[in-house]
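In: Pasted the sequence and its predicted model underneath.
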Amino acid sequence: MNVTTNPRVELAGVHTAGCKNVTPVLNRVGDKWSMLIVMALSGGSMRFNELKRAIDGISQRMLTRSLRGLERDGLVSRTVTPSIPPRVDYELTELGESLRQPVKALGDWAIEHIECIRAAQERYDAAEADAQ
């Protein structure tokens, strides 16, 4: 078998050939702001400024970029209601709704293990400082 023509190496049950397809999705899911937007919208439709107030620390530019990315990926829909000024509402699509539970599970895991992670970071940092 010629490995240069068959990149389907299996690591822990995952075909690495599929990684290039999954990487953009994981980048979106791993994006801090996108996941906070998904969780904010889990309660229902919101307008831009409502989202901005709900997500502490996000800039207008970052919220705009994140919403566009989520819309492009099919996770969020944007509805413009013609009025003066135009009303724009954002809400999770069916696909976006399906992401809520995994995101919540990851958040719950992080909260449950934060002390272990911090302790490991302190041990690592102390070992690095001793090595220098």
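Out: Great, that's in hand.
In: For the residue nearest the centre of the chain, give its distance to G43.
Out: In the chain, the residue lying closest to the centroid (Cα atoms, centre = their mean) is V29, at 2.8 Å. Using Cβ to Cβ, to the nearest Å, V29 is found at 20 Å from G43. For glycine as for every other residue, the C-beta is placed from the backbone atoms N, C-alpha and C.
In: How about P102?
Out: Distance of P102 to G43, computed by Cβ to Cβ: 18 Å.
In: What ranges does the protein have for its strands?
Out: Listed in chain order, the strands of the chain (DSSP state E) span 10-11, 14-15, 46-47, 76-81, 87-92.
In: Specify the stretch among these that is closest to S34.
Out: For the strands of the chain, the distance to S34 is smallest for strand 76-81, at 9.0 Å, taking Cβ to Cβ.
In: Could you double-check that M35 sits in contact with V103?
Out: Yes - counting by Cβ atoms under 8 Å, M35 does reach V103; the two are 5.2 Å apart.
In: Tell me which of those two has more neighbours.
Out: When M35 and V103 are compared for neighbours, M35 comes out ahead with 21 against 16, by other Cβ atoms under 10 Å.
In: Report the buried residues of the biggest helix by length in the chain.
Out: Scanning the chain for the helix with the most residues, using DSSP state H, yields helix 94-131. Going by neighbour count (16 or more other Cβ atoms under 10 Å), the buried part of helix 94-131 is 96, 99, 103.
In: What of stretch 70-83?
Out: Buried-residue list, stretch 70-83, by 16+ other Cβ under 10 Å: 70, 73, 75-77.
In: ok, now stretch 29-42?
Out: 29, 31, 33-42.
In: Let me know the closest of these to A119.
Out: M35 (24.7 Å).
In: what's the pLDDT at that closest one?
Out: pLDDT recorded at M35 is 89.
In: Which residues are in contact with it?
Out: Shown in contact with M35 (Cβ atoms under 8 Å, 6 or more residues apart in numbering): 29, 103, 107.
In: repeat that with 7 Å
Out: 29, 103 (Cβ atoms under 7 Å, 6 or more residues apart in numbering).
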